[in-house]
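J.: Sequence plus predicted model, see below.
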Amino acid sequence: MTFSNANLDVNLLPTVRQPEFIPLEKGYHQVILLENFIATGLLLIGFLVLYFWGDLPEIHQFWYVPVIGIGVLMGFVFWFRPKAFSRKGYQLRERDIIFRTGLWWQTETVIPFVRVQHSEVTQGPLGRLFGYATLNLYTAGGSKSDLSIPALHPETARKLEQFVSQKAGLDETE
């Protein structure tokens, strides 16, 4: 048997229809805002501890530099995270699931069901408080999830997990 690896004409490849992405739950913006406020509070507390109890004379002389820095950083985070969140979405197809992220650098991650080895639904403290869950999909060779879809209602996340678990491991020809 001879080895063959012929060139293919890209123009002859079938066209891929862009799927309609299902947006993540809109109410998740509350969780993002709360996370932003917690991060801002921790940064300010850290600065105040250094300012009042730290032995750094530069902080007393140039106190406005870290305050302006924290303000600019948090202003950007408060603007960026909700904007980036609004671009996220997923698409459930017959043989795979696609997750889209990114505001400036856009990424679409495709996970074929036959490659999924494990899946789980997780809820952190804020997720439980506001009623959201994350679907994590694991494929071979990694210790962390290969795909995490946040901001799902727990019932939706469990339905997706059950669907993916049923499809995982099936032969692609079925």
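T.: Good, I have the coordinates. On a predicted model such as this, the values are computed, not experimentally measured, just so you know.

J.: List the contacts of Ile98.
T.: Ile98 makes contacts with Pro19, Phe21, Tyr90, Gln91, Glu108, Thr109, Val110, Ile111, as judged by C-beta atoms under 8 Å, 6 or more residues apart in numbering. From N, CA and C alone the C-beta is placed, and that goes for glycine too.

J.: Could you list every helix and strand in contact with the helix or strand of the chain at the bottom of the mean pLDDT ranking?
T.: Least confident helix or strand, the chain: helix 57-61 with a mean of 73, by mean pLDDT, DSSP states H and E. Applying 3 or more C-beta pairs under 8 Å, 6 or more residues apart in numbering; DSSP states H and E, one finds that helix 57-61 contacts helix 29-53.

J.: Enumerate residues external to the helix it packs on that contact any of its residues.
T.: With C-beta under 8 Å, 6+ apart, helix 29-53 has contacts from 56, 59-60, 63, 66-67, 70, 73-74, 77-78, 81-82, 85, 126-127, 130, 132, 151.

J.: quick one: the helices in the protein?
T.: 29-53, 57-61, 64-87, 125-130, 154-167 (DSSP state H).

J.: Determine which stretch of those helices is the most buried.
T.: Stretch with highest mean neighbour count among the helices of the chain: helix 154-167 (a mean of 16; mean count of other C-beta atoms under 10 Å).

J.: Cheers, nothing more for now.
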